[in-house]
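Asks: Pasted the sequence and its predicted model underneath.
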Amino acid sequence: MSRPSLFYKSLRQKHSPTVFIGYYRQRLAESTSGLDRDNWKESIREFSYLLNRQKQGAGWIEKYENKIALAKSELRNLIENKETVLLVIVTGREIRVYGGLRQLGSVLYHDLGLQPPHSLLIEDYYISVTLDTILMFNPDHLFISCWDTQKAKVELTRFMMRLQDMNLNAITKNQVYEFRLWLNFHAPLIHEIAIDEVLRLVSTSG
C-alpha cells in the first residue's frame, strides 16, 4: 500500500467522520454526484450535504442567482445586445484569453450571459494568444489584468501601449477595464464581488 493510502487509512481509523476531498471530481458520499472543481454551485451543494446544511447552501445559491438576475438587468442598459466581451490576463510569459469554463470567465459568459467574440470557444479554460489574435477577436469590451509580478506588470504596460496603436473596438469606444487579478480566482464569494466590479467598471466607461 502506498504512503498516501496508509495516511488516509490512518485518518479514517483515528478520526470519525473523515472525508478526503480531492482537487478533481470525486464523490464525497453515496448520495452525492461528486466534487467538481469547475462547478462551484455543485461544490456548495456537496459541502452543505456533508455538513447537514442543505437549506443554507440552497439559500446562498438562490441569493447569488437573484444577484445575477439584477446585474443582467442593469447590464442590458450598459452593453448593447451584439457587443462582445473579452477577458485577458498577462502573465509575463504569455497573453491569456479566458473562456467560460471557470473563474471570472464563467461569471462573464455563463452567469451574466455576456457575448464572447464569435471565434472564442467559451468551453475553454484559457488559450495563449498574440496581439494579432486580440485584433482578430476585436472585442467591444476588454477586461484585462496581469499576474502580481514585476515582469507581468511591465508586459501589461507594453501590451496596453501597443493596444493604443490598434484599431480595436474596445479602444475606440473607451471600453477597456483593468481589474484586480484576485477577481479571477475560483471561489463563490469572489464571484459575488466580481459581479459588482463588472457593473462598476462598465458603468463608468465611455
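Replies: On my side now, so go ahead. Quick caveat: nothing in here was measured; it's all calculated off a predicted structure.

Asks: Can you show me the helices along this structure?
Replies: Secondary structure of the chain by DSSP state H: the helices cover 3-14, 40-50, 54-75, 103-106, 131-137, 150-164, 169-172, 188-203.

Asks: if you compare these, which one is most tucked away?
Replies: Most buried of the helices of the chain by mean neighbour count (mean count of other C-beta atoms under 10 Å) is helix 103-106; its value is a mean of 24. No exception for glycine: its C-beta is placed from N, CA and C like everyone else's.

Asks: quick revisit: turn the helices of the chain into JSON lines, columns for distance to I95 and mean pLDDT.
Replies: Formatted as JSON lines, the helices of the chain follow (distance: least, C-beta to C-beta, whole Å; pLDDT from 0 to 100):
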{"stretch": "helix 3-14", "distance to I95": "37", "mean pLDDT": "57"}
{"stretch": "helix 40-50", "distance to I95": "26", "mean pLDDT": "85"}
{"stretch": "helix 54-75", "distance to I95": "26", "mean pLDDT": "95"}
{"stretch": "helix 103-106", "distance to I95": "15", "mean pLDDT": "92"}
{"stretch": "helix 131-137", "distance to I95": "7", "mean pLDDT": "94"}
{"stretch": "helix 150-164", "distance to I95": "7", "mean pLDDT": "93"}
{"stretch": "helix 169-172", "distance to I95": "15", "mean pLDDT": "94"}
{"stretch": "helix 188-203", "distance to I95": "20", "mean pLDDT": "94"}
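
Asks: what would those look like in a markdown table with distance to E123?
Replies: Formatted as a markdown table, these follow (distance: least, C-beta to C-beta, whole Å):
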| stretch | distance to E123 |
| --- | --- |
| helix 3-14 | 32 |
| helix 40-50 | 17 |
| helix 54-75 | 20 |
| helix 103-106 | 10 |
| helix 131-137 | 16 |
| helix 150-164 | 25 |
| helix 169-172 | 23 |
| helix 188-203 | 19 |
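
Asks: Out of the ones you listed, which is closest to L87?
Replies: Among those, helix 103-106 comes nearest to L87, with 5.3 Å by C-beta to C-beta.

Asks: Distance from the chain centre to the closest one, please.
Replies: 2 Å (C-alpha atoms, centre = their mean, to the nearest Å).

Asks: got the buried residues for stretch 141-150?
Replies: Neighbour-count burial for stretch 141-150 flags 141-147 (criterion: 16 or more other C-beta atoms under 10 Å).

Asks: What lies in contact with that stretch?
Replies: Applying C-beta atoms under 8 Å, 6 or more residues apart in numbering, the contact partners of stretch 141-150 are 79, 83-92, 104, 108, 114, 152-153, 155-156, 159-160, 168, 170-171, 175-181, 183-184, 198, 201-202, 205.
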